[in-house]
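**Student:** Build me a structure from this.
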Amino acid sequence: MRGPQQGGYQRKGEAMNEKAVSVLGLGDMGTALADALLAAGHRVTVWNRTAAKAEPLVVKGATRADTAADAVLASQLVVVCLLDYDSVSQVLAPRTDVLAGRTLVNLTNGTPGQAREMATWAADHGADYLDGGIMAVPPTIATPAAFVLYSGPSGAFDTARPVLDAFGGSHYLGEDPGLAPLHDIALLCGMYGMFGGALHAFALVRSAGRSAAEFAPMVRRYVETMGVHAEAMAARIDAGDYANDVTSNLAMQAAAYGNFLVAAEEAGVSTELITPVHSLLQRRVADGHGHEDTASLVELLRN
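**Tutor:** Next up is the predicted model:
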């Protein structure tokens, strides 16, 4: 097997440089991760199906591996950031013999079930496995705005953390490898819900010939102001207490929410982004919970 283009690397069983790390996948996010590792002073080996994507990183000091197996062999710590879990399997499955003794940190977006299956597969081939969720976009990697969720063996996380901290704040969630993707998807759902509301708001003001750019500061200010209520909502949900100290009850909100739909129809704006919440409000009120807080809608989302 040929080694990386810049020199050789150590084989399994040999002492590894504790700062050596390999990155598989050089899309926008994988490239940002490798950049952050280089900036932090780590010895970085990179691999990508399209080898040319590695060139800018090689110029900065990274070593380009000829194959994914070469990249895995180059470091005890291997960060994987590919399109999906099928891609991860396709890249790693052909050379499972190189995995023993490595720690795989999979930062590919996926589901809790996929993470648990991948963890079992990695363990069957002698590798520790950490799953992760990157709560950042590529330009914010290695800035205070970025944080990454991790789950899997605590010992593997503790050992890898000095390297992983190069990406942003590291948050360990527990031994279950499915916890990181679960929290990742939950946070992304919150983000998309916010964006969905913002898109509907922009469509409304644009229907009157108003500028979305001029309206945007109002959206941001109001959403940030309302965001502080997330902790209080969470406390109600955990306690199951939806009826005490209610400021704005569901019955009142259900009545007002109907105007959102009428206003959209008058403006020629689709209601598909906001109709689901109206349906939940109506159902909860019809079930006799009109006196409760908005947080009680979570009871309708539990299967």
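
**Student:** Let me see the domain layout of this structure.
**Tutor:** Following automatic domain parsing, the chain resolves into domains at 20-174, 183-301.

**Student:** Just name the most buried of those domains.
**Tutor:** Neighbour counts (mean count of other Cβ atoms under 10 Å) averaged over each of the domains of the chain peak at domain 20-174, with a mean of 20. In short, each C-beta sits where N, CA and C put it, glycine included.

**Student:** pLDDT averaged over that domain - what is it?
**Tutor:** Over the span of domain 20-174, the pLDDT mean works out to 97.

**Student:** cool, stretch 283-296 as well?
**Tutor:** 98.

**Student:** And the contacts of that stretch?
**Tutor:** The contact list for stretch 283-296, computed with Cβ atoms under 8 Å, 6 or more residues apart in numbering, reads 233, 236-237, 242-243, 246-251, 253-254, 297, 299-300.

**Student:** Name the member of those with the shortest distance to residue 220.
**Tutor:** Among these, residue 233 lies closest to residue 220 (Cβ to Cβ), at 20.1 Å.

**Student:** just the CA coordinates of the longest strand that the chain contains, formatted as CSV?
**Tutor:** When the chain is parsed with DSSP state E, its longest strand is strand 128-135. Once non-C-alpha atoms are left out, strand 128-135 reads as follows in CSV (Å, rounded to 0.1, in the frame of the first residue of the first chain):
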residue,chain,number,x,y,z
ASP,A,128,-13.8,3.3,19.3
TYR,A,129,-16.7,5.3,17.9
LEU,A,130,-17.9,8.8,18.7
ASP,A,131,-20.8,10.3,16.9
GLY,A,132,-21.1,14.1,16.5
GLY,A,133,-23.4,16.9,15.5
ILE,A,134,-21.8,20.1,14.2
MET,A,135,-23.9,23.1,15.3
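
**Student:** ok, and what's touching that strand?
**Tutor:** By Cβ under 8 Å, 6+ apart, strand 128-135 touches 29, 81, 102-107, 109-110, 115, 118-119, 122-123, 141, 146-153, 155-157, 160, 167-168, 177-178, 180-181, 183-185, 187.

**Student:** Give the next helix or strand downstream of that strand.
**Tutor:** strand 147-151 (DSSP states H and E).

**Student:** what residues does that following strand touch?
**Tutor:** Contacts of strand 147-151 (Cβ under 8 Å, 6+ apart): 105, 107, 115, 130-136, 157, 164, 167-180, 183-184.

**Student:** rewinding a little: which of the contacts of strand 128-135 fall in strands?
**Tutor:** 103, 104, 105, 106, 147, 148, 149, 150, 151.

**Student:** ok, so what distance separates the first one from residue 150?
**Tutor:** Counting by Cβ to Cβ, to the nearest Å, the gap from residue 103 to residue 150 is 11 Å.

**Student:** Strands of this protein, start to end?
**Tutor:** Under DSSP E, the chain gives strands at 20-24, 43-47, 63-64, 77-80, 103-106, 128-135, 147-151, 169-172.

**Student:** chain center to the longest one, what's the gap?
**Tutor:** In other words, strand 128-135. Relative to the mean C-alpha coordinate of its chain, strand 128-135 is positioned 9 Å out (Cα atoms, centre = their mean, to the nearest Å).

**Student:** Now do it and strand 147-151, the angle between them.
**Tutor:** Using axes from the mean of the first three to the mean of the last three Cα atoms, to 10 degrees, the inter-axis angle of strand 128-135 relative to strand 147-151 is 150 degrees.

**Student:** partners of strand 128-135 in the sheet?
**Tutor:** strand 103-106 (parallel), strand 147-151 (antiparallel) (DSSP bridges).

**Student:** Then the second one?
**Tutor:** According to DSSP bridges, strand 43-47 forms sheet pairs with strand 20-24 (parallel), strand 63-64 (parallel).

**Student:** Can you name the residues in contact with the first one?
**Tutor:** Read it as strand 20-24. 30, 33-34, 37, 42-48, 65, 68, 71-72, 74-82, 91, 163.

**Student:** Show me the helices in the chain, by range?
**Tutor:** 28-39, 55-59, 68-74, 85-92, 112-124, 154-164, 179-207, 212-227, 230-239, 250-267, 275-284 (DSSP state H).

**Student:** Which elements pack onto the second one?
**Tutor:** Secondary-structure packing of helix 55-59 (3 or more Cβ pairs under 8 Å, 6 or more residues apart in numbering; DSSP states H and E): helix 28-39, strand 43-47, strand 63-64.
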